[in-house]
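Asker: Turn this into a model:
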Amino acid sequence: MNSTRLHDWHIAAGAKMAPFAGYEMPISYPTGALEEHLICRRSVGLFDIDHMGQVELSGPGADAFVSRIVSATVLDMKDWDARYSLLLSDEGTVIDDLFVYRLPGQWWIVINAGNRDVDLAWFKKHLPAGVTLVDKSDETYMIAIQGPRAIELMDAVSDRKVSGFPRFTSGELKIAGIPVLFGRTGYTGEDGGELFFPAEGAERLWKLLLGEGERLGIETRAIGLAARDSLRFEAGMPLHGHEITPSINPIEAGFKWACGLEKDFIGKQAVEAVMAAGAKRRLVGLEITGGVPREGYEVQSTAGEGIGECVAGMFCPTVKKYAANAFVAPAFAKLGTAVKVVIHGRPRDAIVVKRPLYVPAYRR
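Answerer: Sure thing, here's the model as predicted:
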C-alpha cells in the first residue's frame, strides 16, 4: 500500500484512513464527512490528491499524438489552457478520464491513480517516434483547493493573482518560494484550483495554506475522500469505476460532448457506431424516497421489470436528497419517469431527475 507525504499529518489530525487506488488515503476527519462537504460549499476545502498521476509529453510529434490518443478536441487549445477528455479503447469504451493541459512546448496530462499503469501502457503502445513521454507522478505533488473563498486564499498566498486566470486555464506561480503550476480546475463543483509542485514541498505548502486561511479568517479545512465523492456526485462529475468504466461508452454515459467528432481519435469509429445504432442504456439521475441507494442496487419499472442498475448513490448534503446515478433502458430515461430502486429487497419509489443536482460554479 502506497502512502502520500501527508500520511503522518492525516493520522495526527485524526483522519479515518482506508485503501483507495493503491494508496492509504484519508476518508474523513473528526469533523465528519457531512460537515466537510458543507465547509467546501461555504468556504475552502483542501484535498490531498497525490494519488493522481501526471504525464509529460513533448517533441515534434506531440501535438498530433495527443490529438489522436484523447477524445476531446485539443489542437485549438492555447498555451496554459486546460480541458477535460476521455481516454478510449479501440472499442470506444472508457479507459480513463483525464485533464489535458497545454503548456509552452509540452502537454501535461493528469490521470487517475488506479489507472496509472494501464494509462501509461496505452500511451506507450501508441507512442510514435518524435514524442517523448515522461511519468512525472512520483516527483510531483498534487493538492486541490476548492470552495467559494479558495481563489481569495490563493491570491493572498501566491506571488500572482490567480483570480485573473479564467476557468480551465493554468499558470505558473510561487507560494513561499515553492514553484507551482496552478490549474483553475477541480472536482467539487466549486471554484478553486489544483496545485502541482515538487513533492518535497508537500507538508510545508499544506500547513501554509491551512495556517494562512486561519490567519485571514477564511474557514479552511482538510477534506477527505468521502466528502470529495459527495461533492463530485452532486455536481454531476463522473468517478471512474462507477459512471465510466472500460465497459461503458461515452454516448450512454452522456459524454458525447467530450468527443471531438470532427477529428480522428482512437475509439472514434466505435463511438460513431453507438450513435448510429442508439445507446442500449442511458445514465440518469434518480431521486429516491424511503432509503439510501447504493452501487449495484437494481432499478425496476413501476411494474417490477428489471430495467437497470445503480452505479453510485448517497445522501446529498447540499440539496438534502437521497439520490443515485443509474444506467437504465432508454425508454425509462426521460425526466420525470417514475421507477423503483430495490433497497434491501424492497422496491422504493424513485423518479428520474435532471443532472447535476448542484450546478457547478463554472456554469452559473
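
Asker: how does the chain divide into domains?
Answerer: Per automatic domain parsing, the domain ranges recorded for the chain read 2-52+138-234, 53-67+77-122, 281-357.

Asker: mind checking how far Ile145 is from His240?
Answerer: Counting by Cβ to Cβ, to the nearest Å, the gap from Ile145 to His240 is 22 Å. In short, each C-beta sits where N, CA and C put it, glycine included.

Asker: Show me which of those two is the more surrounded one.
Answerer: Ile145 (27 against 19; other Cβ atoms under 10 Å).

Asker: Could you grab the helix/strand/coil label for the more buried one?
Answerer: strand (DSSP: H, G, I helix; E, B strand; the rest coil).

Asker: How about it: what's its closest non-neighbour residue?
Answerer: Leaving aside its chain neighbours, Ile145 sits nearest to Gly192 (5.0 Å; criterion: Cβ to Cβ, 6 or more residues apart in numbering).

Asker: so what's the spatially most central residue of the chain up against?
Answerer: The centre of the chain sits closest to Tyr187, judged by Cα atoms, centre = their mean, with a distance of 4.7 Å. With contact set as Cβ atoms under 8 Å, 6 or more residues apart in numbering, Tyr187 has these partners: Ala144, Gln146, Arg228, Leu231, Arg232, Met237.

Asker: rewinding a little: which residues does the residue nearest to Ile145 bridge with?
Answerer: With DSSP bridges as the criterion, Gly192 is bridged to Gln146.

Asker: quick one: low-confidence ranges for this structure?
Answerer: For the chain, applying pLDDT under 70 flags no range at all.

Asker: Give me the contacts around stretch 146-154.
Answerer: Counting by Cβ under 8 Å, 6+ apart, 39-45, 47, 145, 162-163, 182, 186-188, 190-193, 209, 212-213, 216, 218-220, 223, 231, 361 sit against stretch 146-154.

Asker: Which ChimeraX command selects the buried ones in those?
Answerer: Applying 16 or more other Cβ atoms under 10 Å to the contacts of stretch 146-154, the buried members can be selected in ChimeraX as follows:
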select :39,40,41,43,44,45,47,145,162,182,186,187,188,190,191,192,193,209,212,213,218,220,223,231,361
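
Asker: Can you list which of the contacts of stretch 146-154 are found in helices?
Answerer: Ile39, Cys40, Arg41, Arg42, Leu209, Glu212, Gly213, Leu231 (DSSP state H).

Asker: C-alpha coordinates for the helix or strand harbouring Ile11, PDB please?
Answerer: Ile11 is part of helix 7-12, with elements assigned from DSSP states H and E. The C-alpha coordinates for helix 7-12 follow below in PDB (Å, rounded to 0.1, in the frame of the first residue of the first chain):
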ATOM      1  CA  HIS A   7       0.100  10.500   5.600                       C
ATOM      2  CA  ASP A   8       1.600  11.300   9.100                       C
ATOM      3  CA  TRP A   9      -0.200  14.700   9.100                       C
ATOM      4  CA  HIS A  10      -3.500  13.000   8.300                       C
ATOM      5  CA  ILE A  11      -3.000  10.400  11.100                       C
ATOM      6  CA  ALA A  12      -2.100  13.200  13.600                       C
END
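
Asker: and the gap between the closest residue to Ala333 other than its chain neighbours and Val94?
Answerer: Spatially, and ignoring its direct neighbours in sequence, Ala333 is nearest to Arg282 (3.9 Å; Cβ to Cβ, 6+ apart). Arg282 sits 15 Å away from Val94 when distances are taken as Cβ to Cβ.

Asker: More neighbours: which of the two?
Answerer: Val94 (25 against 20).

Asker: how about the more buried one, what does it touch?
Answerer: Leu86, Leu87, Leu88, His240, Ile244, Thr245, Pro246, Ile248, Asn249, Pro250, Ala253, Phe255.

Asker: With distance to Trp108 as extra columns, can I get these in a markdown table?
Answerer: Output for the contacts of Val94, formatted as a markdown table (distance: Cβ to Cβ, whole Å):
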| residue | distance to Trp108 |
| --- | --- |
| Leu86 | 17 |
| Leu87 | 15 |
| Leu88 | 20 |
| His240 | 19 |
| Ile244 | 21 |
| Thr245 | 25 |
| Pro246 | 24 |
| Ile248 | 26 |
| Asn249 | 27 |
| Pro250 | 23 |
| Ala253 | 25 |
| Phe255 | 22 |
